[in-house]
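>>> Just a sequence and a predicted model for now, questions to come.
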Amino acid sequence: MENSIFELQYALDTFYFLVCGALVMWMAAGFAMLEAGLVRSKNTTEILTKNVALFAIACIMYFVCGYAIMYGGDYFLTTITGDGVTGAEEPASYAPSADFFFQVVFVATAMSIVSGAVAERMKLWAFLAFAVVMCGVIYPVEGGWTWGGNSVFGMYTLGDLGWSDFAGSGIVHMAGAAAALAGVLVLGARKGKYGPNGQINAIPGANLPLATLGTFILWMGWFGFNGGSVLATASVESANSVAIVFMNTNAAAAGGLVSALILARILFGKADLTMALNGALAGLVAITAEPSTPSALQATLFGGLGGLLVVFSILTLDKLKIDDPVGAISVHGVVGLLGLLLVPVTNDASSFSGQIIGALTIFTWVFGTSLAVWFLIKLVIGVRVSEEEEFEGVDLSECGMEAYPEFTNGK
């Protein structure tokens, strides 16, 4: 009887893990739609190509070496077989291949963050070359220091310092934003974004309905992102934890959207849809570091703080002439840090010092290595399209086709 119960729990937990992984995979569509809606129509095909290609590259590179670097084992062509029970000293509660699938879609999420920040002026193949290194080495190394439990260059273990990041505010989101920031600094701003006298010129996206759809898809996918990080659902305790995580994830998104919408109304005198969308995503990022211990009210307030912060961050980065067409650095980086710092408010097992050290470790590694890789790619093949290609749109120069051929004319 006991063995039958274990087998049932194993089957249910594995199935739950796979479903959550599929939800996170669906976030790739959300990023694609959000970014396609926030860029100009002449750059739509290229941004879609980047998003679908980076997902495939992430899957291949994490299989080839990333998973082994992050969790230990063979460092080329990861082999995942067996049921995690037969012959194991400590039987797993779910299939190892389900764990691999769940982890690989997180890698792709981190890389998707980079895509929007460097949109409209980066060479497609330069971006894809960076994706190979990011998904195969940069992300797995810092993932090993955190979720993998490895020591940082043999000096200290983040977990022993009071570090906690439930579903990846820092490990996934801030890491992706750090890589994006490095790319944006090497790449420079889009032509016409900033005037000679310090003025900031708005460059509206081409399809706000698409951007809104992308946000809803991400909101839905986030239930798999955070809920799947419970790692189980086949017991009373784990099922209750999953329900709390779902509730708090949704509450934070709502709080982020409303606070960003109200702040935009105060600052601009209008209801800014793009700020509202980024507010919802900011709320989701803010709660990702710890969605299991806050109350629903606390989760709403945490999300609200993320929504307020993202508006101020987007405006500040513009003043610093850091051109991020979709606000990815603010949403995932600045608010990702906020999420990490909020963890000790409700989780006694973490500490502010541990969260700060962990955040600095992740940012320093990802930003430093990404900057070096971006510079190397710039030297070898270049990272930016020509001024003429940028004016005509990278759809034509990089992909040879337009997303809206009946409505665009290189403008």
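On my side now, so go ahead.

>>> Average pLDDT for stretch 227-241, rounded please.
Here stretch 227-241 scores 95 as its mean pLDDT.

>>> Would you mark the buried spots in it?
Neighbour-count burial for stretch 227-241, counted by 16 or more other CB atoms under 10 Å, picks out Gly227, Gly228, Ser229, Val230, Leu231, Ala232, Thr233, Ala234, Ser238, Ser241. (C-beta placed from N, C-alpha, C; glycine too.)

>>> Against which helices or strands is the strand or helix carrying Leu210 packed?
Using DSSP states H and E, Leu210 sits in helix 208-227. The elements that helix 208-227 packs onto, with contact taken as 3 or more CB pairs under 8 Å, 6 or more residues apart in numbering; DSSP states H and E, are helix 2-38, helix 236-268, helix 273-288.

>>> who's in contact with that helix?
By CB atoms under 8 Å, 6 or more residues apart in numbering, the list of residues contacting helix 208-227 from outside reads 19-27, 29-38, 106, 109, 166-168, 205, 242, 245-246, 249-250, 253, 273-274, 277, 280-281, 284, 287-288, 291.

>>> Could I have the PyMOL command that selects the buried members from these?
Entered in PyMOL, the line below selects the buried ones among the contacts of helix 208-227, by 16+ other CB under 10 Å:
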select buried, resi 20+21+23+24+25+27+29+30+31+32+33+34+35+36+37+38+106+109+166+167+168+205+242+245+246+249+250+253+273+274+277+280+281+284+287+288+291
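
>>> about what we covered before: export the buried residues of stretch 227-241 as TSV, with columns for distance to Ile329.
Putting the buried residues of stretch 227-241 into TSV (distance: CB to CB, whole Å) gives the following:
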residue	distance to Ile329
Gly227	26
Gly228	26
Ser229	24
Val230	29
Leu231	30
Ala232	34
Thr233	34
Ala234	39
Ser238	35
Ser241	31
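
>>> of those, closest to Thr81?
Thr81 has its nearest neighbour among those in Leu231, at 20.5 Å by CB to CB.

>>> Contact partners for Leu284?
The contact partners of Leu284, by CB under 8 Å, 6+ apart, come to Leu218, Trp219, Trp222, Thr249, Ala252, Ala253, Gly256, Gly303.

>>> Could you do Ser330 as well?
Under the contact definition (CB under 8 Å, 6+ apart), the residues listed for Ser330 are Asn278, Ala282, Leu309, Val310, Ser313, Ile314, Leu317, Asp324.

>>> packing partners for whichever strand or helix holds the fifth one?
In the assignment (DSSP H and E), Ser313 maps to helix 296-319. Contacts defined by 3+ CB pairs under 8 Å, 6+ apart place helix 296-319 against helix 236-268, helix 273-288, helix 335-346.

>>> same question for the following helix or strand past that helix, mean pLDDT?
Elements were assigned by DSSP H and E; along the chain past helix 296-319, the next helix or strand is helix 328. Predicted confidence along helix 328 averages 98 (mean pLDDT).

>>> what's the answer for stretch 362-370, then?
Confidence over stretch 362-370 (mean pLDDT, whole number) is 98.

>>> Only C-alpha atoms, please: export that stretch in CSV.
As requested, C-alpha coordinates have been extracted for stretch 362-370 and formatted as CSV (Å, rounded to 0.1, in the frame of the first residue of the first chain):
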residue,chain,number,x,y,z
ILE,A,362,24.7,37.3,-9.8
PHE,A,363,24.9,40.8,-11.2
THR,A,364,28.7,41.0,-11.2
TRP,A,365,29.1,37.6,-12.9
VAL,A,366,26.4,38.0,-15.5
PHE,A,367,27.1,41.7,-16.3
GLY,A,368,30.9,41.2,-16.4
THR,A,369,30.9,38.1,-18.6
SER,A,370,28.1,39.4,-20.8
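
>>> now what about it, what contacts it?
Applying CB under 8 Å, 6+ apart, the external contacts of stretch 362-370 come out as 130, 134, 137-139, 141-142, 145-146, 170-171, 174-175, 178-179, 181-183.

>>> Separate out the buried members of those residues.
The neighbour-count test (16+ other CB under 10 Å) marks 130, 134, 138-139, 141-142, 145-146, 170-171, 174-175, 178-179, 181-183 as buried among those.

>>> burial count for Ala189?
15 (other CB atoms under 10 Å).

>>> nearest to Trp374, of the helices and strands packed on helix 208-227?
Comparison of these against Trp374 by CB to CB identifies helix 2-38 as nearest, at 19.2 Å.

>>> got the angle for that closest one vs helix 236-268?
10 degrees (axes from the mean of the first three to the mean of the last three CA atoms, to 10 degrees).

>>> Toward the C-terminus, what is the element adjacent to helix 2-38?
Per DSSP H and E, the helix or strand that comes after helix 2-38 is helix 44-61.

>>> now that next one, how far from the chain's geometric center?
Its chain's average C-alpha position is 14 Å from that of helix 44-61, according to CA atoms, centre = their mean, to the nearest Å.

>>> Mind giving me the packing neighbours of it?
For helix 44-61, the contact count by 3+ CB pairs under 8 Å, 6+ apart identifies helix 2-38, helix 96-117, helix 124-133 as packing neighbours.

>>> With mean pLDDT and distance to Thr212 added, can I get those in JSON lines?
Supplementary listing: those in JSON lines, determined by pLDDT from 0 to 100; distance: least, CB to CB, whole Å:
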{"stretch": "helix 2-38", "mean pLDDT": "94", "distance to Thr212": "7"}
{"stretch": "helix 96-117", "mean pLDDT": "96", "distance to Thr212": "15"}
{"stretch": "helix 124-133", "mean pLDDT": "98", "distance to Thr212": "25"}
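
>>> okay, those in TSV with distance to Tyr156 next?
Converted to TSV, those look like this (distance: least, CB to CB, whole Å):
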stretch	distance to Tyr156
helix 2-38	30
helix 96-117	23
helix 124-133	25
